[in-house]
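>>> Sequence plus predicted model, see below.
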Amino acid sequence: MRRDVDINEISDGRRYKSSDMVKVGCSDCRGCSECCRQVDDTIILDPYDIWQFKKGLNLTFDEMLAENTEPVIELGLADGLLLPHLKINTTAGACSFLGSDGRCTIHAFRPGFCRLYPLGRIYENGGFSYFIQINECPYQGKTKVKIKKWLGINDLPSYEAFVLKWHDILEEKRNGLTAITDQSERSRYIVDFLKRFYQDPYDEARPFYEQFNERV
């Protein structure tokens, strides 16, 4: 999701690489769970997140959306495109995967957005850097941890290459959408994008990045 903010107002002004140490360690949160509350529909999911959900929850994309069961994701417009995001428990005012003990019930395959928090990414000069969002996590006494360890993602170079490519694809599609004036054509454009990268099932027996690149 695009954010029109001054990075110097929300960060310490520094850019980091995945090999850098940053002060975001929170002793495994110890049940704080503040970051899992009041998130509204901001946790937008990318195709890798859906791939992880499919393996972790054993549900297809359509089953995750199913209204005749308890849906785990919802669809919403984000900068013009129809994208999935985590369903929020409106009664509890928190992520629907937050347990009664204040712990994440899908921690092993949590979305990239959740792994990143309270870090952010800034895209510039054909790549991206990490930065600390200084006004986000309220946990006191943070410790230093390497970003690579904080993210906890296997084959991080491939994942980061995917993140950058996905960012560029979203930008390209959003720009393309602005040139379409016919409403039915716009709708078809949006739905086709959702189907190609999310709804059409990925083969669990094959590497995700290989299949994603084929769809690109």
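Yep, it's here.
>>> Show me where this structure dips below the pLDDT cut-off.
Along the chain, the parts satisfying pLDDT under 70 run over 1-5, 29-31, 38, 67-69.
>>> For the longest helix seen in it, which helices and strands make contact with it?
Determined from DSSP state H, the single longest helix within the chain is helix 156-178. Counting contacts by 3 or more Cβ pairs under 8 Å, 6 or more residues apart in numbering; DSSP states H and E, helix 156-178 is packed against helix 47-57, strand 81-86, strand 119-124, strand 127-132, helix 183-194, helix 208-215. All C-beta atoms are positioned from the backbone trio N, CA, C, and that covers glycine.
>>> So which of those is nearest Arg110?
Smallest distance to Arg110 across the helices and strands packed on helix 156-178 (Cβ to Cβ): 8.2 Å, for helix 47-57.
>>> Buried residues in the closest one, which are they?
Pro47, Tyr48, Asp49, Ile50, Trp51, Gln52, Phe53, Lys54 (16 or more other Cβ atoms under 10 Å).
>>> Let's have the residues you listed in JSON lines, adding distance to Leu86.
Formatted as JSON lines, those follow (distance: Cβ to Cβ, whole Å):
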{"residue": "Pro47", "distance to Leu86": "15"}
{"residue": "Tyr48", "distance to Leu86": "14"}
{"residue": "Asp49", "distance to Leu86": "9"}
{"residue": "Ile50", "distance to Leu86": "11"}
{"residue": "Trp51", "distance to Leu86": "15"}
{"residue": "Gln52", "distance to Leu86": "12"}
{"residue": "Phe53", "distance to Leu86": "10"}
{"residue": "Lys54", "distance to Leu86": "15"}
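>>> Looking at the residues you listed, which one is closest to Val163?
Tyr48 (8.3 Å).
>>> middle-most residue in this protein, spatially?
Taking Cα atoms, centre = their mean as the criterion, Phe113 is the residue nearest the geometric centre of the chain, at 3.7 Å.
>>> The residue lying closest to it once chain neighbours are set aside: neighbour count?
With Cβ to Cβ, 6 or more residues apart in numbering as the criterion, Phe113 has its nearest non-adjacent residue at 4.9 Å, and that residue is Ile43. The number of residues packed near Ile43 is 23, by other Cβ atoms under 10 Å.
>>> Give me the distance between Ile43 and Thr178.
26 Å (Cβ to Cβ, to the nearest Å).
>>> who touches His197 in this structure?
If you look again at residue 197, you'll see it is Phe, not His. Taking Cβ atoms under 8 Å, 6 or more residues apart in numbering, we find Phe197 in contact with Pro47, Ile169, Phe212, Arg215.
>>> doesn't Trp166 make contact with the first one?
Yes: using Cβ atoms under 8 Å, Pro47 is in contact with Trp166, at 7.2 Å.
>>> which residues touch the residue nearest to Phe113?
Ile43 sits next to His85, Leu86, Cys95, Pro111, Phe113, Cys114 when contact means Cβ under 8 Å, 6+ apart.
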